[in-house]
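[1] sequence and predicted structure, then a few things I'm wondering about:
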Amino acid sequence: DNVCDAVGRRYGSVKWPFSPSKSVAGSAAFVASAFSASLGLISLFHAFGFTALTAAAAAPAVLLISLLSAAVELLPAELADDNVSVPAAAWALSAWLLSAG
């Protein structure tokens, strides 16, 4: 949230037509920060033996999860509180796309 807000305020002159309070730059920052933070955590967990999943193997799914989570954040506040909907969507997508089974 903080990365999106900072980037959006500084570089966010282009707004989404369906969500005028959100910027394209903020959404791009969301995807980039979520993607890199997630791959960093996966790498750390793999290095310590908590998961067999590698960052390279997870990257396509993590990119999709990051993109879809950014899309959920664009929903109007009246429809969904992004402090709940974004983590819930990310969790559900992760459980589905990154499951070991």
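    Structure's in. What do you need?
[2] so which helix or strand takes in the residue nearest to residue 98 when sequence neighbours are not counted?
    Spatial nearest neighbour of residue 98, chain neighbours left out: residue 61 (5.6 Å); criterion: Cβ to Cβ, 6 or more residues apart in numbering. Bear in mind the C-beta positions are built from the backbone N, C-alpha and C, glycine included. Secondary-structure element containing residue 61, defined by DSSP states H and E: helix 55-73.
[3] who does that helix touch, helix- and strand-wise?
    Under the contact definition 3 or more Cβ pairs under 8 Å, 6 or more residues apart in numbering; DSSP states H and E, helix 55-73 sits against helix 24-47, helix 82-97.
[4] any buried residues in it, and which?
    For helix 55-73, a neighbour-count test (16 or more other Cβ atoms under 10 Å) marks 55, 58, 61-62, 65-66, 68-70, 72-73 as buried.
[5] and for it, what's in contact with it?
    4, 22, 27, 30-31, 34-35, 38-40, 42-43, 46, 80, 82, 85-86, 89-90, 93-94, 97-98 (Cβ atoms under 8 Å, 6 or more residues apart in numbering).
[6] the residue nearest the centre of the chain and residue 97, how far apart?
    Closest residue to the average C-alpha location of the chain: residue 66 at 3.2 Å, with Cα atoms, centre = their mean. Residue 66 is 11 Å from residue 97, where distance means Cβ to Cβ, to the nearest Å.
[7] do the same with residue 12
    29 Å.
[8] please say which of those two ends up with more neighbours.
    Counting neighbours by other Cβ atoms under 10 Å for residue 12 and for residue 97 shows that residue 12 has the greater number, 21 against 14.
[9] list the contacts for residue 14?
    So residue 14 contacts 23-25 (Cβ under 8 Å, 6+ apart).
[10] 6 Å instead, please
    By Cβ atoms under 6 Å, 6 or more residues apart in numbering, the residues touching residue 14 are residue 24.
[11] could you measure from residue 41 over to residue 5?
    Remark: distance between residue 41 and residue 5 (Cβ to Cβ) = 22 Å.
[12] mind checking the SS state of the residue lying farthest from the centre of the chain?
    Ranked by distance from the centre of the chain (Cα atoms, centre = their mean), the top residue is residue 49, with 24.4 Å. Secondary structure, DSSP: H, G, I helix; E, B strand; the rest coil: residue 49 is coil.
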